[in-house]
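> Sequence unavailable; structure follows:
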Ligand code: SME
């Protein structure tokens with residue numbers, strides 16, 4: 001049984017290092033974006049038990065992100081660019097690590113139990129096409145180690161057929 005415990009930085013890095021080739025293999029030769037994003041979110045969830053929710057919000061218009069494949073509880077469907085952690089990450093084209101969501105003005109609470117969050121933008125040709133969002137019931141669950149590895153996951157996602 002997996003538990004929502006914090007891993008040491010080196011344990012976490014080892015898990016990500018094992019996961020990356022698995023993610024690449026899962027998506028290899030598969031052109032269907034939904035299938036690939038679904039498998040990436042499932043594999044990440046297994047790898048990161050501290051995360052309560054892992055998934056993608058996809059840019060569907062100039063102003064809006066829409067819920068994509070995810071693992072976890074039901075979530076809000078539409079997020080405006082510039083709103084919440086996801087919309088801010090998309091608008092500012094940067095990774096946001098939020099150790100305490102209550103301290104992030106405008107945080108969108110899809111799950112009242114969420115305590116911390118990380119959002120990584122996925123960019124193709126300089127445009128944000130989606131974000132990868134991870135939530136946790138633990139405070140400060142995500143750090144720079146997660147940001148570095150998850151940016152590789154975002155790069156893999158960006159390399160898929162869109
Ligand atoms: N908390 C996010 C909304 C998405 S859910 O966490 C799944 C935000 O503030 O953008």
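Nice, I can see it. These numbers come from a predicted model, not from an experiment.
> Number of residues surrounding residue 136?
Look at residue 136: counted by other C-beta atoms under 10 Å, it has 24 neighbours. The way it works is simple: take the backbone N, C-alpha and C, and place the C-beta from them, glycine included.
> repeat for residue 140
13.
> Kindly give the local confidence score, pLDDT, for residue 76.
Looking at residue 76, its pLDDT stands at 97.
> In contact with it, which residues are there?
67, 108, 110 (C-beta atoms under 8 Å, 6 or more residues apart in numbering).
> ok, 7 Å please
By C-beta atoms under 7 Å, 6 or more residues apart in numbering, the residues touching residue 76 are 108, 110.
> So what sits opposite the residue lying closest to residue 133 once chain neighbours are set aside in the bridge?
The shortest distance from residue 133 to any non-neighbouring residue, by C-beta to C-beta, 6 or more residues apart in numbering, is to residue 119 (5.0 Å). Taking DSSP bridges as the rule, residue 119 bridges to residue 96, residue 133.
> ok, so what distance separates residue 119 from the ligand?
For residue 119, the distance to the ligand equals 7 Å [C-beta to the nearest ligand atom, to the nearest Å].
> Test for you: state the pLDDT assigned to the closest residue to the ligand within the chain.
Nearest to the ligand in the chain, going by C-beta to the nearest ligand atom, is residue 84, at a distance of 2.7 Å. pLDDT for residue 84: 98.
> Tell me who's in contact with the closest residue to it other than its chain neighbours.
Excluding the flanking residues, the one nearest residue 84 by C-beta to C-beta, 6+ apart is residue 108, at 3.6 Å. If a contact means C-beta under 7 Å, 6+ apart, then residue 108 has 76, 79, 83, 84 as its contacts.
> On the three-state scheme, residue 108 is what?
Three-state call for residue 108 (DSSP: H, G, I helix; E, B strand; the rest coil): coil.
> Over to residue 20?
helix.
> Straight-line length of stretch 90-109, end to end?
Taking C-alpha to C-alpha, to the nearest Å, stretch 90-109 runs 17 Å from one end to the other.
> tell me which residues in that stretch are buried?
Within stretch 90-109, the residues that count as buried by 16 or more other C-beta atoms under 10 Å are 90, 91, 95, 96, 97, 98, 99, 101, 104, 107, 108.
> what does stretch 20-37 give?
For stretch 20-37, using 16+ other C-beta under 10 Å, the buried residues are 23, 26, 27, 33, 36, 37.
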